[in-house]
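> A predicted structure for the sequence below; I have some questions about it.
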Amino acid sequence: MPGTPAPKLQSFDTAGIAIVIGATGGIGRAFVRHLRDCGRFDGVIELSRGTEPAIDFTDPDSLESAAAFVRDQASAQNQSVRLIIDATGYLHDEVFQPEKSLRQIDADYMAKSFLINAIGPALLMRHFTPLLPRDGKSVFATLSAKVGSIGDNRMGGWYSYRAAKAALNQLVKCTAIELARSKRNAICIALHPGTVDTGLSGPFAKSGLNVQSPDQATANMLMVIDGLQPSQSGGFFAYDGNELPW
C-alpha cells in the first residue's frame with residue numbers, strides 16, 4: 001500500500017551509495033523512494049533510458065558508460081557502492097503478449113524478452129559488480145520471476161518470459177560464484193517481487209492472488225535484502241524471504 005515505511009537496511013554500512021537501474025518504472029520508482037527515505041545511503045543514483053547517462057539494453061556501450069559515471073561519482077565522494085538494484089524487465093507490449101501455446105512462439109518476441117530479461121542484466125552484472133567494495137556487505141539484486149523457476153513450472157505457457165528469467169537465474173548463480181572469489185562479503189541474488197500492480201504484471205493478476213502495490217512489494221524485497229548473508233549469494237528469493245526452486 002502507498003506510504004509503506006522504508007526498511008532501515010541496518011545491515012549496510014552508512015555513507016554508501018545505492019543505485020536503481022530501471023528507476024522510472026513503477027517498481028523502480030518505489031525502490032528509489034524507499035532508499036532515499038531510509039537514511040542509510042548518502043546518495044541514490046537513478047538510471048534508466050531517460051536519465052543522463054542513459055541505460056539502454058539495445059546499446060551495450062551505454063551500460064559501460066553508466067558504470068563509469070557511477071564509479072567516478074563514488075570516487076569523487078569517497079564512497080562505496082553498497083547496493084545495486086536492477087528493476088528492469090519486460091513481459092508484454094502493444095505488439096507482443098505472453099504465449100499460451102507453442103504455435104504462438106515468435107522469434108522477435110523471444111529475442112526481445114531475452115535482450116531485456118537476460119542479456120541486458122548480464123551486461124549490468126559485467127559492468128556494475130566490479131564497483132562493489134571488497135569489504136563490508138554489498139548487494140547486486142536483479143528482479144527475476146517465480147515463473148522462471150523450472151522446478152515450479154506446472155502450467156507451461158509464457159515460453160519466452162519463463163525461459164529468459166530462467167536464463168537470468170543461471171547468470172546470477174555464475175556471477176555470484178565468480179564474485180565470491182575476490183569479494184567475500186558481496187552478494188548477488190535474483191528476487192521475485194510477487195504480483196505487483198504495475199503495467200508489467202497488473203493486467204495478468206488473477207482474483208485471489210496477493211497483488212501488492214509497488215511501495216509494499218519493494219519494502220518487502222528490501223527487507224529480504226537486509227537479512228541476506230554472503231552464504232546466500234547466488235540464491236533465488238521471493239519477496240517474503242522464501243528461497244525458490246530453480
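Now that the structure is in, tell me what you want to look at.

> what helix or strand is A68 on?
helix 60-76 (DSSP states H and E).

> Quick one: residues in contact with the next helix-or-strand element following that helix.
As assigned by DSSP H and E, the chain's next helix or strand after helix 60-76 is strand 81-86. By Cβ atoms under 8 Å, 6 or more residues apart in numbering, the surrounding residues in contact with strand 81-86 are 9, 12-13, 16-22, 28, 31, 35, 41, 70, 74, 121, 124, 128-129, 131-133, 136-143, 225. No exception for glycine: its C-beta is placed from N, CA and C like everyone else's.

> about what we covered before: need the mean per-residue confidence for the helix holding A68.
Mean pLDDT, helix 60-76: 97.

> between it and strand 81-86, what angle do the directions make?
Here the directions of helix 60-76 and strand 81-86 differ by 160 degrees (axes from the mean of the first three to the mean of the last three Cα atoms, to 10 degrees).

> how distant is helix 60-76 from the center of its chain?
18 Å (Cα atoms, centre = their mean, to the nearest Å).

> again with stretch 119-137
12 Å.

> which residues of this protein fall in helices?
Counting by DSSP state H, the segments of the chain that form helices are 26-37, 60-76, 107-114, 120-128, 159-180, 214-227.

> Most distant residue from the centre of the protein?
The outermost residue of the chain relative to its centre, with distances by Cα atoms, centre = their mean, is R103 at 30.6 Å.

> ok, back up a step: out of the contacts of strand 81-86, list just those in strands.
16-21, 41, 138-143 (DSSP state E).

> between these, which is closest to G241?
A141 (13.2 Å; Cβ to Cβ).

> give me the number of residues near the closest one?
By other Cβ atoms under 10 Å, 23 other residues sit near A141.

> could you say what helices and strands the helix holding A68 packs with?
Packed against helix 60-76 by the contact rule (3 or more Cβ pairs under 8 Å, 6 or more residues apart in numbering; DSSP states H and E) you find strand 16-21, strand 41-47, helix 120-128.

> quick one: pLDDT of D197?
For D197, the predicted pLDDT is 89.

> so it touches N210, yeah?
No - look at D197 against N210 with Cβ atoms under 8 Å: they stay out of range, at 11.0 Å.

> Return the distance of R154 relative to S101.
According to Cβ to Cβ, to the nearest Å, R154 stands 16 Å off from S101.

> meant to ask about K183
Counting by Cβ to Cβ, the gap from K183 to S101 is 44 Å.
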